[in-house]
Structure formats: C-alpha cells, structure tokens
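Q: here are the coordinates; sequence isn't available:
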C-alpha cells in the first residue's frame with residue numbers, strides 16, 4: 001500500500017514563482033564613493049568643512065539605502081510571503097526506525113524522501129525522555145525547568161512512594177498560563193494554526209486555559225474528535241487512526257492554503273499497544289530482521305509503515321497544491337524508542353541514556369535548504385521553535401527566556417551552531433527511569449544520578465552505547481562538566497531530587513498497572 005505514495009515528488013504540480021533575493025550591491029558596510037573629485041583649490045577651512053559634511057551625507061545616505069533595501073528584500077518579513085510550517089512529531093519512535101537512519105527491515109519510503117529532500121540531523125535529541133516535557137520544550141523553545149513540565153503526570157509515580165530513594169517531583173501537568181508557544185507567536189502574526197493529533201500537556205479541554213485552543217491553535221482535532229477511543233488504532237468500523245488523522249490534516253490544508261499556515265501534526269503512532277493493519281503485519285512476518293534490526297516485531301514495523309504512508313499523503317498534498325517550495329517541514333519524535341528498537345544504544349524511553357533521548361530528525365524546505373545534507377552537531381527539540389520563528393521572519397517572545405537556538409543558518413549553509421552544551425533535567429521516577437540530570441558538551445556526556453548520588457561520564461562519539469564509564473579515569477573532566485551542570489541548574493531554577501525519601505523501603509516494589517495518566 002505504501003508503494004503508491006513513494007513517488008509523491010512526481011505528482012502533478014502547480015508551479016509557484018518565487019522572487020530571487022539578490023544581495024545589496026553596496027554590501028552592508030560599504031560607503032559609496034563621492035560622485036566628484038573636490039577641486040584642488042578648495043583648501044580653505046570652509047571648503048574642508050563643506051567637503052566633510054558632503055562626505056558624511058553620502059555615508060548616511062548609503063547606509064539608509066542599504067537598510068531600506070535589506071528590509072525590502074527580507075524573504076519572510078515586512079510583507080513578503082512567509083513560509084508554511086508543517087511540524088511532524090511522532091510518538092515513541094526510536095532513532096533508527098526509519099530508512100534514512102539505517103533501518104533495513106521497516107519500509108519508510110516517504111519519510112526517507114522527506115529526509116533526502118533536505119537535511120538530516122544524525123544526532124537529534126528529544127529534550128526529555130518522555131512525551132509531555134518534550135512537547136513543552138518543542139512548543140516553547142525552553143528547557144524543562146523553565147516551564148516546569150518534567151514528566152507525564154501518573155498517579156503510580158507520585159513523589160514519596162516507598163520504592164523511591166529520593167524525593168522527586170511530578171512538576172506541572174500543563175504549561176504556565178503566561179508562557180507563549182510557537183503557535184501563539186505565529187497566530188498573532190497572521191498564520192492559520194492547527195494541531196491534529198496528540199496534545200499531551202494536561203487535560204485542558206477546548207476553551208480551558210490548558211487547551212491547545214488557548215495556546216495559539218485555531219483548530220484542535222484529537223483522536224476522540226474523529227471517533228477513536230483512547231489509545232485505539234482501529235475504530236471498530238475498519239478505519240485506522242493514522243488515516244483518519246491524516247484526512248483531517250489534508251482537509252485543513254485545503255481550507256487554509258491561500259495564507260501562511262502552521263500545521264502541528266502530532267501522531268499517536270508509534271505508541272503501544274499496537275493494533276496494526278493485518279496486511280502490513282503479514283508483509284513483515286514474511287521478512288526477517290537482521291543486524292541492528294533484530295528484535296523489531298512485525299506489529300511494530302507495520303505501525304511505522306502505516307504512519308509513513310500518512311506522511312507521504314501530506315507531502316503529496318503540498319506538492320499537488322504547489323506548496324512544496326513554500327513550506328518548511330520538520331520531522332522528529334518525542335522521545336527515544338522502546339527497548340527492542342534502540343540497538344546499539346543503551347536505555348530506552350524514560351531514561352536519559354542515549355536510547356531514551358536520541359530520535360530521528362530531518363528538515364526539508366526545497367529551494368532554501370540544500371538537499372541531501374547530513375549534519376552531525378547535536379540538536380534538540382527546543383531548537384525547532386526558534387528555527388520556525390526565524391524562518392517566518394518573526395521575533396522570539398520578549399517576556400520569557402528561549403534556550404533553543406535557531407538551526408536555520410546551519411540548515412542553509414552548514415555553518416556550526418557554536419553551542420557549548422545541551423542540558424536535560426528529569427527529577428522524576430517513571431518506569432525504569434529515575435531522577436537524573438545531564439549535559440552533552442562536545443563528545444562528552446555527564447549524567448548526574450540523584451539517587452546514587454553518582455556521576456557517570458561517557459564519550460558518546462567513541463562509545464555510543466555508553467558501556468564505558470570514564471568518571472574514575474577522567475575526574476578533571478567530571479569536575480569541569482559538573483560545575484557547568486550545577487551552574488545551569490541554579491540558573492534555570494531546576495528542582496533538585498537530592499533529598500532522602502523518608503518513606504523509602506528497599507524491599508518495596510513499584511506499583512504496576514492501574515495508574516491514571518494525564519495525556
């Protein structure tokens with residue numbers, strides 16, 4: 001079935017003419033020469049003063065002309081057409097569950113074409129190890145301590161449980177009321193905005209402060225709006241959730257394609273439990289995963305291919321409507337994958353080891369971003385908000401800090417980002433996860449485990465599986481990075497899970513099942 005969408009680029013297209021932007025011929029700091037040579041006889045004080053005034057006037061005039069031209073030629077500001085934005089966020093997809101990341105078992109032709117048409121980030125990270133905090137970081141451009149959304153709020157992991165060594169926190173279950181999202185900024189500047197799929201930032205219903213409709217989105221369509229039960233992939237009538245959500249997305253694009261739009265397409269896929277299309281399960285049962293793909297189940301592979309098909313439909317819609325060159329498309333996941341899909345990385349969803357936070361990442365904007373590039377510098381979810389706003393020619397929110405950095409310069413030219421470190425903070429218990437904090441600086445990664453308390457040091461370039469802890473052999477590096485981490489924790493007001501839990505019982509077992517999640 002997916003094969004029918006693999007050639008979306010060759011579908012009938014309606015061309016759109018784009019104005020070429022040429023640099024100002026004088027350059028930014030060039031001073032225009034005087035159009036005459038002063039006569040040699042002008043040697044009096046008055047003549048010299050007149051000459052100086054004339055030269056100053058030409059300097060000011062040339063600078064004003066250069067400024068005026070730069071404003072007129074800015075591609076996404078001051079009245080010129082702004083790009084459409086399509087932000088695709090999958091749920092629980094591991095870093096190599098797609099072909100462009102090396103998977104040989106799962107067929108993802110449409111996602112791979114998206115990646116080939118632009119830039120792949122080989123070291124793309126989720127800003128947290130589970131869904132809610134990553135989504136908060138993605139939409140605000142902030143580290144988790146800024147907005148206080150640290151984890152999915154789940155009754156089973158409320159602070160003070162007997163199996164917890166230290167006092168943790170659940171943090172906020174939704175964004176602070178005054179925090180602006182990327183959708184807030186885009187909407188206030190004329191964009192049509194929609195969220196199709198999963199919100200996962202509290203239980204705010206339409207119109208309430210915690211609802212997407214109160215956070216910059218004009219339209220919010222969740223699975224139950226298209227008649228699907230919670231966590232269900234099938235509706236009992238033969239409809240598949242990815243297909244139904246994609247139908248909503250395509251209809252919305254059709255209604256808003258005449259003006260700049262922001263589509264946040266946040267799929268339920270590939271979250272467990274699976275209920276895949278039988279024909280796709282049969283396809284993968286006939287195949288045998290090998291190498292790093294060993295352990296991937298036919299049900300998981302079928303779920304990935306189904307969502308790839310939906311992404312292909314969205315890309316085909318953009319192509320058919322002549323919007324491809326006017327649309328910035330970002331593809332990523334909200335956290336690392338399940339334990340059987342993250343080889344050779346250590347950890348999985350819920351942990352701050354590489355398997356819990358490494359995700360696929362690709363960006364496409366034909367004609368603006370060169371195709372077929374791969375960049376190895378680490379990037380994170382929080383970087384996409386400032387990237388989107390710069391692409392749209394819009395400023396960052398004034399009254400709140402932005403921790404992410406725009407990737408647009410690197411996307412266009414390959415220029416280095418110039419960032420010293422990226423930080424994560426997860427002062428919570430959930431599943432196998434425990435309170436941890438970390439930073440990635442260069443090739444080194446320092447992990448603080450509050451329940452130890454211990455520090456672990458890894459060179460993730462040489463040791464991506466984090467098998468060799470270098471803390472004992474490189475104490476100076478540990479101290480250097482520890483100082484950076486502690487300073488960052490203080491600067492952001494991070495909750496520190498460094499207090500002993502007085503109710504701790506070493507024989508207590510974690511509660512299983514029956515917990516209520518706020519998604």
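A: Yep, it's here. Because the structure is predicted, anything quoted here is derived from the model rather than measured.
Q: I figured residue 211 was touching residue 222, is that so?
A: No - contact between residue 211 and residue 222 fails when scored by Cβ atoms under 8 Å: they sit 10.4 Å apart. For glycine as for every other residue, the C-beta is placed from the backbone atoms N, C-alpha and C.
Q: Now do the shared contacts for these two.
A: residue 199 (Cβ atoms under 8 Å, 6 or more residues apart in numbering).
Q: Have a look at these two and say which one is more surrounded.
A: More neighbours surround residue 222 than the other of residue 211 and residue 222, with 22 against 19 (other Cβ atoms under 10 Å).
Q: Hmm, that one is touching residue 198, no?
A: Yes - in terms of Cβ under 8 Å, residue 222 counts as a neighbour of residue 198; the distance is 7.0 Å.
Q: Quick one: residues contacting residue 112.
A: 98-100.
Q: Please, which helix or strand holds it?
A: Using DSSP states H and E, residue 112 maps to helix 109-116.
Q: Residue 196: what secondary structure?
A: strand (DSSP: H, G, I helix; E, B strand; the rest coil).
Q: count of neighbours near it?
A: Per other Cβ under 10 Å, the neighbour tally for residue 196 reads 28.
Q: List the beta-bridge partners for it.
A: residue 221, residue 265 (DSSP bridges).
Q: what residues are up against it?
A: Residues in contact with residue 196 (Cβ under 8 Å, 6+ apart) are 219, 221, 245, 248-249, 252, 263-266.
Q: cool, and residue 136?
A: Contacts for residue 136 were tallied using Cβ under 8 Å, 6+ apart; they are 142, 144, 147, 149, 175, 201.
Q: try 6 Å
A: 147, 149, 175 (Cβ atoms under 6 Å, 6 or more residues apart in numbering).
Q: Can you check the pLDDT for residue 426?
A: What the model reports as pLDDT for residue 426 is 98.
Q: Which pLDDT does the model give the closest residue to it other than its chain neighbours?
A: Sequence neighbours aside, residue 436 is the residue nearest to residue 426 in space, at 5.3 Å (criterion: Cβ to Cβ, 6 or more residues apart in numbering). Listed pLDDT for residue 436 reads 97.
Q: Tell me how far residue 436 lies from residue 150.
A: Relative to residue 150, residue 436 is positioned 11 Å away (Cβ to Cβ, to the nearest Å).
Q: chain center to stretch 412-431: distance?
A: How far stretch 412-431 lies from its chain's middle: 11 Å, per Cα atoms, centre = their mean, to the nearest Å.
Q: what comes into contact with that stretch?
A: Contacts of stretch 412-431 (Cβ under 6 Å, 6+ apart): 129, 144-145, 150-151, 157, 164, 168-169, 350, 352, 377-378, 380, 409-410, 435-441, 488, 494-495, 497.
Q: what ranges do the helices span in the protein?
A: 45-73, 109-116, 131-140, 144-147, 182-188, 241-256, 278-285, 298-320, 354-357, 384-391, 408-413, 475-492 (DSSP state H).
Q: possible to save the ones you listed as JSON lines with mean pLDDT and distance to residue 373?
A: Conversion of these to JSON lines gives the following (pLDDT from 0 to 100; distance: least, Cβ to Cβ, whole Å):
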{"stretch": "helix 45-73", "mean pLDDT": "43", "distance to residue 373": "25"}
{"stretch": "helix 109-116", "mean pLDDT": "98", "distance to residue 373": "10"}
{"stretch": "helix 131-140", "mean pLDDT": "97", "distance to residue 373": "22"}
{"stretch": "helix 144-147", "mean pLDDT": "98", "distance to residue 373": "30"}
{"stretch": "helix 182-188", "mean pLDDT": "98", "distance to residue 373": "24"}
{"stretch": "helix 241-256", "mean pLDDT": "98", "distance to residue 373": "27"}
{"stretch": "helix 278-285", "mean pLDDT": "98", "distance to residue 373": "31"}
{"stretch": "helix 298-320", "mean pLDDT": "98", "distance to residue 373": "18"}
{"stretch": "helix 354-357", "mean pLDDT": "98", "distance to residue 373": "23"}
{"stretch": "helix 384-391", "mean pLDDT": "98", "distance to residue 373": "15"}
{"stretch": "helix 408-413", "mean pLDDT": "98", "distance to residue 373": "8"}
{"stretch": "helix 475-492", "mean pLDDT": "98", "distance to residue 373": "30"}
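Q: Select, out of those, the one closest to residue 83.
A: helix 384-391 (5.6 Å; Cβ to Cβ).
Q: quick one, the closest one and helix 131-140 angle?
A: Relative orientation of helix 384-391 and helix 131-140, computed by axes from the mean of the first three to the mean of the last three Cα atoms, to 10 degrees: 20 degrees.
Q: Tell me which residues are up against helix 384-391.
A: 83, 85, 138, 141, 182, 328, 330, 402, 404, 406-408.
Q: can you tell me which of those residues are in strands?
A: 85, 328, 330 (DSSP state E).
Q: picking up where we left off before, ranking the contacts of residue 136 by neighbours, who comes first?
A: For the contacts of residue 136, neighbours tallied by other Cβ under 10 Å; top is residue 149, 29 neighbours.
Q: surely that one meets residue 133?
A: Yes - with contact defined as Cβ atoms under 6 Å, residue 149 reaches residue 133; the gap is 4.9 Å.
Q: what's the burial count for residue 475?
A: Neighbours around residue 475, by other Cβ under 10 Å: 13.
Q: go on, residue 198?
A: A count of neighbours around residue 198, defined by other Cβ under 10 Å, yields 22.
Q: list the contacts for it?
A: Shown in contact with residue 198 (Cβ under 6 Å, 6+ apart): 266, 268.
Q: got it, and residue 460?
A: If you count contacts by Cβ under 6 Å, 6+ apart, then residue 460 has residue 445 around it.
Q: Dihedrals phi and psi, it?
A: Backbone torsions for residue 460, taken as degrees, to the nearest 10, come to phi -80, psi -10.
Q: Now list the buried members of the contacts of stretch 412-431.
A: Buried subset of the contacts of stretch 412-431 (neighbour count, 16 or more other Cβ atoms under 10 Å): 129, 144-145, 150-151, 157, 164, 168-169, 350, 352, 378, 380, 410, 435-441, 488, 494-495, 497.
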